[in-house]
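>>> let me see the structure of the following:
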Amino acid sequence: MKSLLLITIFLIFPFLTIAEERPYILFIAIDDMNDWISLLDPDSPIKTPNLERLAQKGMLFTRAYCMSAACNPSRAATLTGLRPTTTGVYGNKTDWRKAMPYRDTIMQRFQKAGYLVRGAGKIFHHHLDGAFHDEASFHDFQPMAPQNMPEKKLNSAPEYGSPNTDWGAWPANEEDTIDFKTADYCIEALKNPPRDKAQFLACGIFKPHSPFFAPEKYHQNYREIDLPLRKPDDWADLPKGAANLMKRKKWFWDGMTELDHRLPGSWHDFIKSYAACCSFADAQIGRVIDALDASPRGKETIVVLWSDHGFHLGEKDHIEKFALWEKANHIPFIIAAPGITKPGSVCHIPVDLSGVYPTLLELGGLSEDSECDGTSLVPLLKNPDTSFQPALMTYGRGNHAVRSERWRYIRYSDGTEELYDHNSDPNEWSNLAADPEWQTVIRDHRRWLPSKEADPAADLKPSRR
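Numbering: from 1, shown residues only. Coordinates of the predicted model:
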């Protein structure tokens, strides 16, 4: 009778064994979250208790870096395993799918392995009416909800920037936000996983991306917050390449300081709003983690959490990302792989997100991909002291940064350079590139720069309506 029952169960649920043997995946992408958070800096005023809770499930990479400090090239590179220098996807307007029409995203690899792939929110860069979204990567996807915008700008500066660079307490109801709705979708997917196959669930959290809106309750803990450290003459030792790269984005910082004369405290208010957005994002991730913990496969689910890049809040006289300095590239990055990562473990070796694609392939038991530009991080997950190559970042063709344990080396397309000793100068205030004492260090870091660089791929053309 028992044998007959087992045969009957197998006939009714033929894929049950396959699904149970495969790890489920929860893939969380955050937009614009920098390293001034309690996850990476216990002294930071910006508290992220849910990220810390997730880190206790696996390994926190304290020196993790994006591949490019802009949304589109960072996400395209992370999700395809190919660097901007390989694909030519350097900018936010670049048509990443046209640049690599036959390249499988990490989601497509899991689809081909028999996974049900679901997703919601901002996974690929949404630009020009969301045209960058890749439908082929998902069996089911909930796009980002429309941005709930106030009738007038909240920062009382109608001529400064656009509604998208506004900040303040908004909206009144948390349920009306993009990320709350994204979290709702993911919570439901975790509550009701597929029975006949494993699930790959991608959760794209939009905040703290601009506009810097979060409901009022998230602002309450930031009525008093210190300004980030900055050096008044920080640009005095920057090379020509840095000034040329940054001049197109200087308006945000220049306007912020001008606002200080017209609206006292505006820079401070902006930072408070960014902090509130980080706490709001952390809260939505917390809701998803709660659902994961209650999920029938929660204990066996691999979780990968990353931010697409960092963010300047006035450090080095810069606002936003779009730079090769530490603040624009240093990100939160967590991998929790049951049975492989030790709960609460920490890795201090510098890594970049080129490792995400090959790591997930290995953790999921999928075949390797020889075209990947990165290396699997599984050796570090097993032993966080394993020797590893430095992290490499690119912003625009010819502009690169190399981050080793002690140093950040930057070379621009015109050949000019920066070098910072993070042992003594974590704020990157003293450029040592011209100092003869450190030329050996520079030569050692130059060897990690890409030997070949693809020409810039074509931009996506706006759709006509």
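>>> and for Lys54, the neighbour number?
Quick fix: residue 54 is Leu, not Lys. 25 (other Cβ atoms under 10 Å). For every residue, glycine as well, the C-beta is placed using N, CA and C.
>>> may I have the phi/psi pair for Asp282?
Backbone torsions of Asp282, given as degrees, to the nearest 10, read phi -60, psi -40.
>>> isn't it up against Leu54?
No: Asp282 lies out of contact with Leu54 (Cβ atoms under 8 Å); the separation is 9.8 Å.
>>> state the distance from the residue nearest to Thr165 when sequence neighbours are not counted to Pro158.
In space, not counting the residues next to it along the chain, Thr165 is nearest to Ser210; the distance is 5.5 Å by Cβ to Cβ, 6 or more residues apart in numbering. For Ser210, the distance to Pro158 equals 16 Å [Cβ to Cβ, to the nearest Å].
>>> mind checking which of those two has more residues around it?
Ser210 (22 against 10).
>>> quick check, the more buried one in contact with Pro163.
No: between Ser210 and Pro163 there is no contact under Cβ under 8 Å: 9.5 Å.
>>> related to what we said a few turns ago, check the residue nearest to Thr165 and give its pLDDT.
Listed pLDDT for Ser210 reads 95.
>>> so who does the residue lying closest to His312 once chain neighbours are set aside touch?
Excluding its sequence neighbours, the residue lying closest to His312 (Cβ to Cβ, 6+ apart) is His318, at 4.2 Å. His318 is in contact with 246, 249-250, 252-253, 312, 325, 327-328, counting by Cβ atoms under 8 Å, 6 or more residues apart in numbering.
>>> next, format these as JSON lines and append pLDDT and distance to Pro338.
Listed next are the contacts of His318 as JSON lines, based on pLDDT from 0 to 100; distance: Cβ to Cβ, whole Å:
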{"residue": "Met246", "pLDDT": "93", "distance to Pro338": "43"}
{"residue": "Lys249", "pLDDT": "87", "distance to Pro338": "42"}
{"residue": "Lys250", "pLDDT": "88", "distance to Pro338": "46"}
{"residue": "Phe252", "pLDDT": "88", "distance to Pro338": "42"}
{"residue": "Trp253", "pLDDT": "88", "distance to Pro338": "44"}
{"residue": "His312", "pLDDT": "97", "distance to Pro338": "36"}
{"residue": "Trp325", "pLDDT": "98", "distance to Pro338": "36"}
{"residue": "Lys327", "pLDDT": "98", "distance to Pro338": "33"}
{"residue": "Ala328", "pLDDT": "98", "distance to Pro338": "33"}
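>>> what average pLDDT does stretch 66-85 get?
Looking at stretch 66-85 alone, the average pLDDT works out to 98.
>>> okay, how far is it across it, tip to tip?
With Cα to Cα, to the nearest Å as the measure, stretch 66-85 spans 14 Å from end to end.
>>> try stretch 328-344
For stretch 328-344, the end-to-end distance is 26 Å (Cα to Cα).
>>> list the buried residues in that stretch.
By 16 or more other Cβ atoms under 10 Å, the buried positions in stretch 328-344 come out as 328-338, 340-341.
>>> same thing with stretch 402-418?
402-404, 407-412, 416-418.
>>> equivalent analysis for stretch 187-199, please.
By 16+ other Cβ under 10 Å, the buried positions in stretch 187-199 come out as 187, 189-190, 193, 197-199.
>>> can you report phi and psi for the residue nearest to His312?
Torsion angles, degrees, to the nearest 10, at His318: phi -140, psi 140.
>>> for Val303, same thing?
The phi/psi pair for Val303 (degrees, to the nearest 10) is phi -120, psi 130.
>>> isn't it right up against Leu51?
No: applying Cβ under 8 Å as the test, Val303 and Leu51 come out as separate, 11.3 Å apart.
>>> mind listing the shared neighbours of these two?
Ile334.
>>> how about the strands of the stretch 201-350 of the chain, start to end?
212-214, 302-307, 312-313, 319-320, 330-331, 333-336, 345-347 (DSSP state E, counting those that start in this stretch).
>>> now distance to Ile271 too, for those, in CSV please.
What follows is the strands of the stretch 201-350 of the chain, written out as CSV (distance: least, Cβ to Cβ, whole Å):
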stretch, distance to Ile271
strand 212-214, 9
strand 302-307, 18
strand 312-313, 5
strand 319-320, 10
strand 330-331, 17
strand 333-336, 23
strand 345-347, 28
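>>> closest to Asn92 out of these?
For those, distance to Asn92 was read as Cβ to Cβ. The smallest value, 11.6 Å, belongs to strand 319-320.
>>> show me what that closest one is packed up against.
helix 250-262, strand 312-313 (3 or more Cβ pairs under 8 Å, 6 or more residues apart in numbering; DSSP states H and E).
>>> from the chain's centroid, how far away is the first one?
Taking Cα atoms, centre = their mean, to the nearest Å, the mean C-alpha location of helix 250-262 is offset from the chain mean by 27 Å.
>>> how about Pro232, phi and psi?
Phi and psi for Pro232, reported as degrees, to the nearest 10, are phi -60, psi -40.
>>> tell me the confidence at it?
For Pro232, pLDDT reads 89.
>>> what number of residues lie near it?
7.
>>> circling back to that earlier point, could the buried residues of stretch 402-418 go into a markdown table alongside distance to Gln389 and pLDDT?
Output for these, formatted as a markdown table (distance: Cβ to Cβ, whole Å; pLDDT from 0 to 100):
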| residue | distance to Gln389 | pLDDT |
| --- | --- | --- |
| Val402 | 10 | 98 |
| Arg403 | 11 | 98 |
| Ser404 | 9 | 98 |
| Trp407 | 14 | 98 |
| Arg408 | 15 | 98 |
| Tyr409 | 14 | 99 |
| Ile410 | 17 | 98 |
| Arg411 | 17 | 98 |
| Tyr412 | 22 | 98 |
| Thr416 | 24 | 98 |
| Glu417 | 20 | 98 |
| Glu418 | 20 | 98 |
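>>> which one of the residues you listed sits closest to Asn173?
Distances from Asn173 to the buried residues of stretch 402-418, taken by Cβ to Cβ, are shortest for Arg403, at 41.2 Å.
>>> with adjacent residues omitted, what lies nearest to that closest one?
For Arg403, the spatially nearest residue (Cβ to Cβ, 6+ apart) is Ala391, at 4.3 Å.
>>> and what of Leu79?
Per Cβ to Cβ, 6+ apart, closest to Leu79 is Thr105, 4.8 Å.
>>> the strands of the stretch 201-350 of the chain: which one's closest to Leu292?
strand 302-307 (7.2 Å).
>>> tell me which strands and helices that closest one is in contact with?
strand 25-30, helix 49-55, strand 333-336, helix 356-363.
>>> ok, back up a step: out of the strands of the stretch 201-350 of the chain, nearest to Trp438?
Per Cβ to Cβ, nearest to Trp438 of the strands of the stretch 201-350 of the chain: strand 330-331, 21.6 Å.
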